[in-house]
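Colleague: sharing a sequence plus its predicted fold:
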Amino acid sequence: MSAIGTETIEGFGPSGETAQNTRDRLRAGSVGVLLAALASIPLVANDYWLNAVLIPFLIMSLTALGLNLLMGYAGQASLGSGGFMSVGAYATYNLLLRLPELPLPVSLLLGGIISGLVGIIAGLPSLRIKGFYLVASTLATQFLLEWLFNQYGWFSNYSTSSSISAPRLAFLGHDLSSPTGRYLLTLATVVVVTAVAARLVRSQTGRTWMAIRDMDTAASVIGIPVSAGKLKAFFVSSLVIGIAGALWAFAYLGTVDARSFNLDRSFQVMFAIIIGGMGSIRGNFLGAAFMIFLPILLDHLGSGVFGGTVDPGQLENFQKALFGALIVWFLIKEPRGLAALLSRAWTQLVSRINR
Amino acid sequence: MSLWKQKRFISNAVGLAALALSAVVGTSVSAEEAKTQYVPLATFRVGAYASSGIPVWAGEIDYFRYINEVEGGINGIKLVWDECETNWEVEKGVECYERVKAGKNGSPVPIFLPHGDPISKALTEKSVADKIPLVTIAYGRTEAIDGRVFPYSFPVVFSFWSEASSAVNFIAEKVGGKDKLKGLKIATVYHDSPYGKETQVPLAHLAKTYGFEDIQIPVPHPGNEQSAQWAKIRQLKPDWVFLRGWGVMTPVAIKTAAKVGFPVDHIIGGIWSGSEEDVRPAGAVGKGYLAITPFPAGANFEIHQKLKKYILDKGLSDLKDLKSFGSVYYNSGVDEAIIAVEAIRTAQAHFGVRPINGEEAQWGLEHLDLSEKRLAEIGATGLQQPLKLSAKDHEGGGAGKVLQWDGEKWNVVSNGWVKSDRDLLLPLIYERAAAYAREKGITPRDATN
């Protein structure tokens, strides 16, 4: 707080304590306003915003959150996110299909838990290897899972094309299959999971993860259970990603097959957290926004400004190049991600308001 | 920061956000152009499959231009279109669909052409909610043939099941009748994906019916190394190979077959293994390769002469490389455009001459009747098979022509259109549609209207 003490001479400047209060109030207030805004969006937004922009953004944020717990907090790099999403999607599908009496949130959670258990198995190699070697083993998980769901018809209830499609989405008698219903389902899930995750990373577990991330040898020397911590990280991360996968399949696309969760998806999630900020809850949302909103915005600007005059193929290629250039530019500006960039701006804003 | 500064800051921020918002939403509706019919095009001009897509839009756009320039639109209603790039990715496809579904300049969307199997699947339910028919030519969900369960999905012309059955019937034509199929070995080399596996059920059923041996050999994606698969072929010695590839898999298969000495003229490619782009990279060994397709290649159909005269020669064509004129993919675009235009025309005859919306176009599609006579009027005899759709039958045709590559171009070698055994397969398809309806809690529509 550079402002502290310098302008108190004027007689009405805040003391250190009130500056902290302002910050907390601003933070709590902005979270409240954001939530209220997000919840009231269906009143004003049309199908396009809900179906094509906001729902994928929220789900991508949730997936990024899942990976961030593992990679950003516990330091275990993984390229298996797509695979865990597919486990969550196929598990939830089978639960909804075979145990229709379970309420939707329970099926979602159980689907997530199944994905978490698969995550523990996939995380076993992390007890022995780390870094790029671990990435390679999670890559194997990704390919194995994709192959599994394509190969065995049981998972997709023997549909002709191994695709799964959402059974009726309903909760407490309310039909959630409209765009608004699916949006609110997604929003509620994301809010609950994010709140739990935010508590978790500030708890004993979170501190264990960060100790492992920063130096696992040192952590084990001071008596932190490294192996259990790593497996716990894999479990929680895959659980969150699994729930996100089920939402991706049923709240967003409606019908999917294993290809929707291929390696490209895993990379997309990883890029989202690198751009957003590793080890930051807020970063997941920023990174997902970057990955989902920006290409759409570029596309609209491109077709709005040049539509009809420039060859559409060239225009598309140019947008891709521009998107790539923007990623590079942001990472040069702030290698720790958009979250760090934002928190710098935030600090500046608070100090200016307090001035 | 003083109070008014804060206020200005906030209002600036709000203004900026509003600006960004309006840039995104930015489609203004003007009523004066409401006499045009909007047809959105979901394209993939970039990405892994761009090379096969580009000639498709050219065929489609050229036909639309022909309708506008020469025929003055559909009964005077001119077509307008714009493109939305999907990269053949399902998320982008959904985004495009949501972007265009409200229509443009007062014209509703009559038909959406998803151009991508996963995209069409993701849109299956959304299209029902929005009442916009999805027309998927030679791809898409096979069960959707049952329009009672899938009212807004139209896998018209040639489903994968029909493709498999027509291929078998072509083999029967070659060996001298269906009774001669008994004891033959037919190996299907397929892309190991949902698309590739789609023909397993019908082929197993046909094998049981006709008594041939059905061998299934998967090739993992992308299929740029197939020694193991073709070594197995060499060992099993099938009489015919049915090749259901995608992308790079097809030319590699042809080359590898030549290497192990399997006769190329006993390989029948499927719909997506049967274009110039599939066989040219295989080089000289591709000579004699067969392919079954609902889009016969060739630039000598009557409609092509019209397109050449009024569109290509006037420099209005969307084709960059005029060599692709009359290629399999170009012709598939023309086919698709003909079906869309005729469905709109049929709907206009019933609902009145004006821009048609999705619900009306659905009626138009279900009452579409492209008879030999109508096809002759269009100039598409031989290019497009006769097609009659109904609520119970969203496929209609179910026949393909077999082409043979002579090293330069495709020639039709089958005896006209090779029909599939639809009577045999339709009950199975209806069964699957009914299972889907049960799973989703859909009450099938009454098909008598």
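Modeller: Arrived safely.
Colleague: could you measure B:E213 against B:S327, distance?
Modeller: Here the criterion is C-beta to C-beta, to the nearest Å. By it, B:E213 lies 35 Å from B:S327. Just so you know, the C-beta spots here come from the backbone N, C-alpha and C atoms, and that holds for glycine as well.
Colleague: more crowded one of these two?
Modeller: Counted by other C-beta atoms under 10 Å in any protein chain shown, B:E213 and B:S327 do not tie: B:S327 has more neighbours, with 25 against 14.
Colleague: which stretches of the stretch 1-150 of chain A aren't confidently modelled?
Modeller: A:1-20, A:23 (pLDDT under 70).
Colleague: hmm, try it at 90
Modeller: Within the stretch 1-150 of chain A, the ranges that satisfy pLDDT under 90 run A:1-52, A:97-103, A:130-131, A:146-147, A:149-150.
Colleague: low-scoring stretches of the stretch 251-355 of chain A, by residue?
Modeller: Checking the stretch 251-355 of chain A against pLDDT under 90 turns up A:253-260, A:262, A:294-320, A:322-324, A:326-338, A:341-355.
Colleague: looking at it, which residue is nearest chain B?
Modeller: Nearest to chain B in the stretch 251-355 of chain A, going by C-beta to the nearest C-beta, is A:G313, at a distance of 3.6 Å.
Colleague: which non-adjacent residue is nearest that residue?
Modeller: B:R45 (3.6 Å; C-beta to C-beta, 6 or more residues apart in numbering or on different chains).
Colleague: burial of the one you found, as a residue count?
Modeller: Counted with other C-beta under 10 Å, B:R45 comes out at 20.
Colleague: next, give phi and psi for it.
Modeller: phi -90, psi -10 (degrees, to the nearest 10).
Colleague: repeat that for B:S390.
Modeller: The phi/psi pair for B:S390 (degrees, to the nearest 10) is phi -150, psi 170.
Colleague: and B:R148, how far from B:Y430?
Modeller: In terms of C-beta to C-beta, B:R148 sits 9 Å off from B:Y430.
Colleague: may I have the strand or helix carrying the residue of the stretch 251-355 of chain A closest to chain B as PDB, with CA atoms only?
Modeller: Assessed by DSSP states H and E, A:G313 sits inside helix A:312-333. These are the backbone C-alpha positions of helix A:312-333, laid out as PDB (Å, rounded to 0.1, in the frame of the first residue of the first chain):
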ATOM      1  CA  PRO A 312     -12.900 -16.300 -45.800                       C
ATOM      2  CA  GLY A 313     -10.200 -18.900 -45.600                       C
ATOM      3  CA  GLN A 314      -7.500 -16.200 -45.400                       C
ATOM      4  CA  LEU A 315      -9.400 -14.400 -42.800                       C
ATOM      5  CA  GLU A 316      -9.700 -17.500 -40.600                       C
ATOM      6  CA  ASN A 317      -6.000 -18.100 -40.900                       C
ATOM      7  CA  PHE A 318      -5.300 -14.500 -39.900                       C
ATOM      8  CA  GLN A 319      -7.500 -14.800 -36.800                       C
ATOM      9  CA  LYS A 320      -5.600 -17.900 -35.800                       C
ATOM     10  CA  ALA A 321      -2.300 -16.200 -36.200                       C
ATOM     11  CA  LEU A 322      -3.600 -13.200 -34.200                       C
ATOM     12  CA  PHE A 323      -4.800 -15.400 -31.400                       C
ATOM     13  CA  GLY A 324      -1.400 -17.000 -31.200                       C
ATOM     14  CA  ALA A 325       0.300 -13.700 -31.200                       C
ATOM     15  CA  LEU A 326      -1.900 -12.400 -28.400                       C
ATOM     16  CA  ILE A 327      -1.100 -15.500 -26.300                       C
ATOM     17  CA  VAL A 328       2.600 -14.800 -26.800                       C
ATOM     18  CA  TRP A 329       2.200 -11.100 -26.000                       C
ATOM     19  CA  PHE A 330       0.300 -11.800 -22.800                       C
ATOM     20  CA  LEU A 331       2.800 -14.300 -21.600                       C
ATOM     21  CA  ILE A 332       5.600 -11.800 -22.300                       C
ATOM     22  CA  LYS A 333       3.700  -9.100 -20.500                       C
END
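Colleague: who are the packing partners of the next helix or strand after it?
Modeller: Downstream of helix A:312-333, the first helix or strand assigned by DSSP H and E is helix A:338-354. Helices and strands touching helix A:338-354, by 3 or more C-beta pairs under 8 Å, 6 or more residues apart in numbering or on different chains; DSSP states H and E, are helix A:16-44, helix A:263-276, helix A:281-306, helix A:312-333.
Colleague: pull out the buried positions in helix A:338-354.
Modeller: Neighbour counts over helix A:338-354 (16 or more other C-beta atoms under 10 Å in any protein chain shown) mark A:338-342, A:350-351, A:353-354 as buried.
Colleague: and what of stretch B:296-304?
Modeller: Per 16+ other C-beta under 10 Å, stretch B:296-304 contains these buried residues: B:296-299, B:301-304.
Colleague: now do the same for residue 230: its pLDDT.
Modeller: Went with chain A since none was named. We have a pLDDT of 95 for A:K230.
Colleague: not quite, I wanted chain B
Modeller: On the pLDDT scale, B:W230 gets 93.
Colleague: and it, its phi and psi?
Modeller: Torsion angles, degrees, to the nearest 10, at B:W230: phi -80, psi -20.
Colleague: residues near it, how many?
Modeller: 23.
Colleague: re the thing from before, dump the helices and strands packed on helix A:338-354 into TSV; add mean neighbour count as well.
Modeller: TSV is the format used below for the helices and strands packed on helix A:338-354 (neighbours: other C-beta atoms under 10 Å in any protein chain shown):
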stretch	mean neighbour count
helix A:16-44	12
helix A:263-276	22
helix A:281-306	20
helix A:312-333	15
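Colleague: A:S86 is nearest to which of these?
Modeller: helix A:263-276 (8.9 Å; C-beta to C-beta).
Colleague: CA atoms of the closest one as PDB?
Modeller: Taking Å, rounded to 0.1, in the frame of the first residue of the first chain, the C-alpha atoms of helix A:263-276 are listed here in PDB:
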ATOM      1  CA  LEU A 263      -5.800 -34.600 -26.600                       C
ATOM      2  CA  ASP A 264      -6.600 -31.200 -28.000                       C
ATOM      3  CA  ARG A 265      -9.000 -30.700 -25.100                       C
ATOM      4  CA  SER A 266      -6.300 -31.500 -22.600                       C
ATOM      5  CA  PHE A 267      -4.000 -29.000 -24.200                       C
ATOM      6  CA  GLN A 268      -6.700 -26.400 -24.300                       C
ATOM      7  CA  VAL A 269      -7.200 -26.800 -20.500                       C
ATOM      8  CA  MET A 270      -3.500 -26.600 -19.900                       C
ATOM      9  CA  PHE A 271      -3.100 -23.500 -21.900                       C
ATOM     10  CA  ALA A 272      -6.100 -22.000 -20.100                       C
ATOM     11  CA  ILE A 273      -4.300 -22.300 -16.700                       C
ATOM     12  CA  ILE A 274      -0.900 -21.200 -18.000                       C
ATOM     13  CA  ILE A 275      -2.500 -18.100 -19.500                       C
ATOM     14  CA  GLY A 276      -4.800 -17.500 -16.600                       C
END
